[in-house]
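Chemist: Okay, sequence plus prediction incoming.
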Amino acid sequence: MKKILLSGLLLAVLARGLCAQNIDSALNFYIKMSTPDLNLYFLDHGFLDVVQAHGTVGMMVNPAGLERTQGLDIFVAGSLSKDVSGDFKIKVIDSSEVSPSISVPTTVTLTDLGGLDYVGVAGKAGPVGIGIAVQRGSGMEMGLDSGIVQISKSLSYEYPYLLDSTVTGFNDTVTVNWKLSGTGVITMGGQGNLSLMNTPVFLGSGTKFGPFKVGMGLKVTKMAATGDFSINTSGRVTNLSGIVDDSLSRIRFDSVSVRSSFDSSIFYDRFTCTLSGTQVSMVLSANFEIPILKAGMSIEKGMPYTLTGDYYNNAGIPFGQPRLDSVSVGSLAYDTLTQTFTGDANLYLGGIEYKHKSADQQTGIDFPGMLSIKASLGLKFWGFRLGINGGTDIMNGQWPMLGNAYTSAGTSLSIKKATLCLGLAGRWQYVALDQKKIYSTPPMVLAGAGLRMPVYVGEVMLATRMNLANGLLKVQNLSGGGDFKPWETLALSAGVRVDLGFLSRSDKKSQTAGTETAKPVEEVKPGARLGQVTIEGAALTATGDTLQIKAAVNIYQGPNASWQDALVYADFLRTEMANTGRFSITPKDRMQELLARKNMGQTYCLEPICAAQMGQALNVRQMLVGQIDKTETGYYVKVFLVDAATGQQLRVDQDQGADLTAVCASTGELAKRLLLQ
């Protein structure tokens, strides 16, 4: 019974079969597709890329990314809607015994829905990141404005018929093949709308074990299916005439008259639906990163759920050609020489037989729980990323099923102060009645580009997307769509990510907190080298200790500088400090490994107390931290050296160069000045 009900739902929602609901007087049919996750992907690839999820970004796909939360992380994003129209010919009826194939000119308006796509909040409790997020509903809505259209078609029918002695009056029995032709006038009309939307709310957490980030979460999805659709198609046949198949040379009728009552409804459907329900899912995820290669997987197990509400469907679908009720012949004569029959014939046609579908239910439809798998594979080197992602709900042999699938591919590149993201992403939904009856909605495919720009307390993101679904509609029973102009579908998205933890590690605070005795930095000309600036609680003389000092170096990127600038400068400074013979420097890879174990891998540390804690985690005697900035006059670096045991600031120094090469070349002089503690 439930399969019959869902068949009716598919007839309306997926516009399959006769697709008569697509007919309008002006044939103004619209499809509104809501894919907030695709919109978000172009703002930050972490929304679909399991590997790149971080903090509030992508927690629904990969809660393990919450481990990367550094402070109170808030993300808000939205997008604009965009309409695009195209003229098509929709094949509403396949060729059959009732009528030939019918295609109707139609204007289809495809809308890429926008709105407030996402709101997420995340924070850190020790080594565990915790977050909550809500996302705008995803799904689709279809509708048809009220109207009627008439189409004329040439129709033809064939009827094999046995003329026995009761008809001919002779002893012989003859088989004839009546061939009828006429003009069919088909009237189609209807109005209504249908929608299917899923709105998720997510609560999750993530942490880190060695090189692996792991996470889990709870997703609650509100599902709603509504519809109110009424359609009717009627037809009549005029100017019917008949002949006898020429292949039967023994029979010749001087006239064949056709009488028909064929003037009635040939298709009808009345559909109403108000169904809603809630599905609860558990999400487990993990990802790891090694040099260059990044990989991750997320598994979501949905619990069984029920869509409850009212459901009504009553449809009639014709099959076969009009019935041949009876045949009468008159003036029948038999020519013994030619052995042929001659005379007149009258044919009487009846109505059309229907396949009826009717259902009326108020208890709802039960759906099984499903397993969903999402995976990502990416490459990362220097400022360049490349990622391939995909996910699908897996059929488990329990029917009916509602599911969806997505795939995406993208790349990102760090350019000066911003990160440029390019990508292609698609999503589609499907309904499966059984293993062979699987119906899919038209796919939503977007291509887009985004730009992420860091600001004082987070990031500002802008993106544009291009809807390719209008071009793909040509394969969905459509033809004659004309030239597809993708640039007409461009729509904008924007997002703001506020990281309140950024305040505690900002450059301004790091220069004032715990360093009140430091003097302000003086402006100097590009290329000039600066000597020591201040000390705190330590004499500016070298000790008599001849043993090497275990030390570590960590340089952070500042305003306008890139992380590559910080990486290159830190490598030069480590080398020059080791060359003095006074310092035993912890290698970069070893330092990153130890900080990751202590959950300090993402810590932005520019204060003496924080630097001392980092030095203790690395088991070194002295910790050097600093920041490299880029200004209009060149690069500027400020560093300070801290005693890891006491938190005492041993030395503050700075340097400047016209370009990165110049400032890196001066690291040797800076390393020598660091000996004067």
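Modeler: Alright, I've got the coordinates.
Chemist: Not counting stretch 206-214 itself, show me its contacts.
Modeler: Stretch 206-214 has contacts (Cβ atoms under 8 Å, 6 or more residues apart in numbering) with 59, 63-68, 127-129, 215-216, 284-290, 596-597, 599. C-betas here are computed from N, CA, C, even on glycine.
Chemist: Buried residues in the strand ranked longest in the chain, which are they?
Modeler: For the chain, the strand that runs over the most residues, judged by DSSP state E, is strand 174-209. Buried residues in strand 174-209, defined by neighbour count with 16 or more other Cβ atoms under 10 Å: 176, 178-180, 182, 184, 186-190, 192-200, 202, 204-208.
Chemist: follow-up on the earlier one: list only those of the contacts of stretch 206-214 flagged as buried.
Modeler: The neighbour count (16+ other Cβ under 10 Å) marks 59, 63-68, 128-129, 215-216, 284-289, 599 as buried among those.
Chemist: Next, find the distance separating the closest residue to residue 290 other than its chain neighbours from residue 387.
Modeler: Of all residues not flanking residue 290 in the chain, residue 211 sits nearest, at 7.0 Å (Cβ to Cβ, 6 or more residues apart in numbering). Look at residue 211 and residue 387: by Cβ to Cβ, to the nearest Å, they are 18 Å apart.
Chemist: cool, residue 300 as well?
Modeler: As judged by Cβ to Cβ, residue 300 and residue 387 stand 20 Å apart.
Chemist: With residue 344 instead?
Modeler: 78 Å.
Chemist: Of the two, give the one with the bigger neighbour count.
Modeler: residue 387 (24 against 14; other Cβ atoms under 10 Å).
Chemist: so the more buried one touches residue 52, yeah?
Modeler: Yes. Counting by Cβ atoms under 8 Å, residue 387 touches residue 52, with 6.7 Å between them.
Chemist: list the residues that contact both of the two?
Modeler: In contact with both residue 387 and residue 52: 45, 294, 376, 378, using Cβ under 8 Å, 6+ apart.
Chemist: What is the most widely separated pair among those?
Modeler: Taking Cβ to Cβ as the measure, the shared contacts of residue 387 and residue 52 span a maximum distance of 11.5 Å, between 45 and 294.
Chemist: which neighbours do those two share?
Modeler: Common neighbours of residue 45 and residue 294 (Cβ under 8 Å, 6+ apart) are 52, 387.
Chemist: of the two, who's got more company?
Modeler: More neighbours surround residue 45 than the other of residue 45 and residue 294, with 31 against 21 (other Cβ under 10 Å).
Chemist: residues in contact with that one?
Modeler: 52, 385, 387, 408, 410, 412, 421, 423 are the contacts of residue 45 under Cβ under 8 Å, 6+ apart.
Chemist: at 10 Å what do you get?
Modeler: Contacts of residue 45 were listed using Cβ atoms under 10 Å, 6 or more residues apart in numbering, and they are 51-53, 57-58, 376, 378, 385, 387, 389, 408-412, 419, 421-423, 425, 450, 452.
Chemist: So among those residues, which ones count as buried?
Modeler: Judged by 16+ other Cβ under 10 Å, buried ones among the contacts of residue 45: 51-53, 57-58, 376, 378, 385, 387, 389, 408-410, 412, 419, 421, 423, 425, 450, 452.
Chemist: among those, which are in strands?
Modeler: Of the buried ones among the contacts of residue 45, the ones assigned to strands by DSSP E are 376, 378, 385, 387, 389, 408-410, 412, 419, 421, 423, 425, 450, 452.
Chemist: Could you verify that residue 380 is part of a strand?
Modeler: Yes. If the criterion is DSSP: H, G, I helix; E, B strand; the rest coil, then residue 380 is within a strand.
Chemist: Without its sequence neighbours, what residue ends up closest to it?
Modeler: residue 294 (5.8 Å).
Chemist: wait, what's in contact with that neighbour?
Modeler: Neighbours of residue 294 in contact, by Cβ under 10 Å, 6+ apart: 49-52, 287-288, 376-380, 385-387.
Chemist: Please apply the same query to residue 425.
Modeler: Residues near residue 425 by Cβ under 10 Å, 6+ apart: 35, 37-42, 45, 47-48, 389, 406-410, 444-448, 465.
Chemist: and with 7 Å instead?
Modeler: Counting by Cβ atoms under 7 Å, 6 or more residues apart in numbering, residue 425 makes contact with 38, 41, 48, 406, 408, 446.
Chemist: quick one: the third one and residue 375, what's the gap?
Modeler: Here residue 48 is placed at a distance of 11 Å from residue 375 (Cβ to Cβ).
Chemist: likewise the fourth one?
Modeler: When Cβ to Cβ is applied, the distance between residue 406 and residue 375 equals 12 Å.
Chemist: Next: residue 204.
Modeler: 18 Å.
Chemist: cool, and residue 156?
Modeler: For residue 156 relative to residue 375 (Cβ to Cβ), the value is 55 Å.
Chemist: Number of residues surrounding the residue nearest to residue 665 when sequence neighbours are not counted?
Modeler: Closest residue to residue 665 apart from its sequence neighbours, by Cβ to Cβ, 6+ apart: residue 657 at 7.2 Å. The number of residues packed near residue 657 is 22, by other Cβ under 10 Å.
Chemist: same deal with residue 333?
Modeler: 10.
Chemist: Spell out the secondary structure type for residue 64.
Modeler: helix.
Chemist: Which of the helices or strands spans the residue lying closest to it once chain neighbours are set aside?
Modeler: Leaving out its chain neighbours, the residue that sits closest to residue 64 by Cβ to Cβ, 6+ apart is residue 215, at 3.4 Å. Taking DSSP states H and E as the criterion, residue 215 maps to strand 212-244.
Chemist: Just the mean pLDDT for the helix or strand that that strand is followed by, thanks.
Modeler: Note on strand 212-244: by DSSP H and E, the next helix or strand toward the C-terminus is strand 251-260. Strand 251-260 comes out with an average pLDDT of 73.
Chemist: those helices in this protein, which residues are they?
Modeler: 2-13, 36-43, 165-168, 469-472, 502-505, 507-512, 563-579, 588-597, 608-617, 660-665, 667-673 (DSSP state H).
Chemist: The longest one to helix 588-597, inter-axis angle?
Modeler: Put plainly, it is helix 563-579. In terms of direction (axes from the mean of the first three to the mean of the last three Cα atoms, to 10 degrees), helix 563-579 departs from helix 588-597 by 110 degrees.
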